[in-house]
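Novice: Give me a 3D structure for the following:
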Amino acid sequence: MLELCLLVLVTTVIIPCSGWEKRLVEEGITPVVKWSAIFRNASGILRNVSSAGIEARREMRECEGLVDSFEWTIRASLGKNDIDNKVNVLSQIRFSKIL
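Specialist: Down below sits the predicted model:
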């Protein structure tokens, strides 16, 4: 169930709003993030899911484009105050990968 929810949330909200595309990264194009309430709320949901435990974080890491889109978003957000959820999710996913 979590895998399906992640797929929908990531492919319909997180990736499109983050502006992340593999092609853009390869071409070195600066990210353009669509800062919207839905993006902020979706990242908040993912922050909560990442707190659910090791299995949830494993599924998040395996969700194609999630980590990449958050890294892209953080790069675009440097110097802004609207990155708390993204940093929290990314740090929890990365930290649990080390363990």
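
Novice: Please report the distance of residue 17 from residue 69.
Specialist: Noted for residue 17: a distance of 8 Å to residue 69, by C-beta to C-beta, to the nearest Å. C-betas here are computed from N, CA, C, even on glycine.

Novice: Which one of the two is surrounded by more residues?
Specialist: Neighbours per residue (other C-beta atoms under 10 Å) separate residue 17 from residue 69, with residue 69 holding more: 25 against 19.

Novice: Let me know the pLDDT of the residue nearest the centre of the chain.
Specialist: In the chain, the residue lying closest to the centroid (C-alpha atoms, centre = their mean) is residue 70, at 3.6 Å. Looking at residue 70, its pLDDT reads 84.

Novice: Now do the helix or strand hosting it: which elements does it pack against?
Specialist: Following DSSP states H and E, one finds residue 70 within helix 66-77. Counting contacts by 3 or more C-beta pairs under 8 Å, 6 or more residues apart in numbering; DSSP states H and E, helix 66-77 packs against helix 15-18, helix 22-27, helix 54-62, helix 84-98.

Novice: and residue 90, what pLDDT?
Specialist: At residue 90, pLDDT is 63.

Novice: what's the answer for residue 60, then?
Specialist: Looking at residue 60, its pLDDT is 92.

Novice: my guess is it meets residue 54, correct?
Specialist: No. Using C-beta atoms under 8 Å, residue 60 is not in contact with residue 54; the gap is 10.6 Å.

Novice: so what pLDDT did residue 2 get?
Specialist: 86.

Novice: Grab the nearest non-local neighbour of it.
Specialist: residue 59 (5.4 Å; C-beta to C-beta, 6 or more residues apart in numbering).
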